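>>> Predicted model follows, preceded by the sequence.
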Amino acid sequence: QVHLVESGGGSVQAGGSLRLSCKASGYKPGEHSMGWFIQTPGKGREGIADIDGDGTTSYADSVKGRFTISRDNAKNTLYLQMDSLKPEDTAMYYCAADSRVLAFSTEYRYWGQGTQVTVSP
């Protein structure tokens with residue numbers, strides 16, 4: 001059974017940094033696609049970063065140049081390094097995993113429970 005558990009969220013001032021982690025069990029991040037999504041009240045989940053099994057990464061325009069997705073295959077962990085945070089980055093952050101290459105589709109099979117990120121002005 002696959003479990004994804006996010007951690008690392010919290011409150012930070014604008015311009016600050018946070019690193020989110022997504023620990024996977026029953027799943028090998030290095031073999032499949034994983035992504036980070038955000039969700040704010042009243043809106044659907046939106047993909048912001050993903051990494052394929054071959055290491056290819058992609059980013060939404062809103063985070064390009066500020067966020068970095070990576071993974072540690074030995075630790076079965078996905079990361080999202082977030083720098084130069086803005087108040088508009090405030091959201092619940094979710095990681096997702098699937099054997100297919102889905103980029104920013106919300107059709108990922110496995111999801112974590114989410115971790116809240118709040119950026120104050």
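It's in.

>>> going forward, measure contacts between C-alpha atoms and count neighbours the same way
Will do.

>>> Dig out what the residue most central in space within the chain forms beta bridges with.
For the chain, the residue nearest the mean C-alpha position is W36 (2.4 Å; CA atoms, centre = their mean). In this entry, W36 is beta-bridged to A49, C95, by DSSP bridges.

>>> residues in contact with S33?
D50, I51, D52, G53, A97, D98, S99, R100, V101, L102, A103 (CA atoms under 8 Å, 6 or more residues apart in numbering).

>>> name the element the fourth one belongs to?
Element membership for G53, per DSSP states H and E: none, as it lies in no helix or strand.

>>> from memory it sits against G35, does it?
No. Counting by CA atoms under 8 Å, G53 stays clear of G35, with 11.2 Å between them.

>>> Counting neighbours, go ahead and name the busier of the two.
Ranked by neighbour count (other CA atoms under 10 Å), G53 and G35 place G35 first, with 32 against 16.

>>> hey, C-alpha coordinates of stretch 84-101 in CSV?
Extracted C-alpha coordinates of stretch 84-101, given in CSV (Å, rounded to 0.1, in the frame of the first residue of the first chain):
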residue,chain,number,x,y,z
SER,A,84,11.6,34.1,-2.5
LEU,A,85,8.1,33.2,-1.2
LYS,A,86,5.2,35.5,-1.9
PRO,A,87,1.9,36.0,-0.1
GLU,A,88,0.2,34.5,-3.2
ASP,A,89,2.1,31.2,-2.5
THR,A,90,-0.1,30.7,0.5
ALA,A,91,-1.9,27.4,0.0
MET,A,92,-2.2,23.8,1.1
TYR,A,93,0.6,21.9,-0.7
TYR,A,94,0.1,18.3,-1.7
CYS,A,95,2.4,15.8,-3.2
ALA,A,96,1.2,13.2,-5.7
ALA,A,97,2.6,10.1,-7.3
ASP,A,98,1.7,7.8,-10.3
SER,A,99,3.4,5.3,-12.6
ARG,A,100,2.3,7.4,-15.6
VAL,A,101,3.8,10.7,-16.8
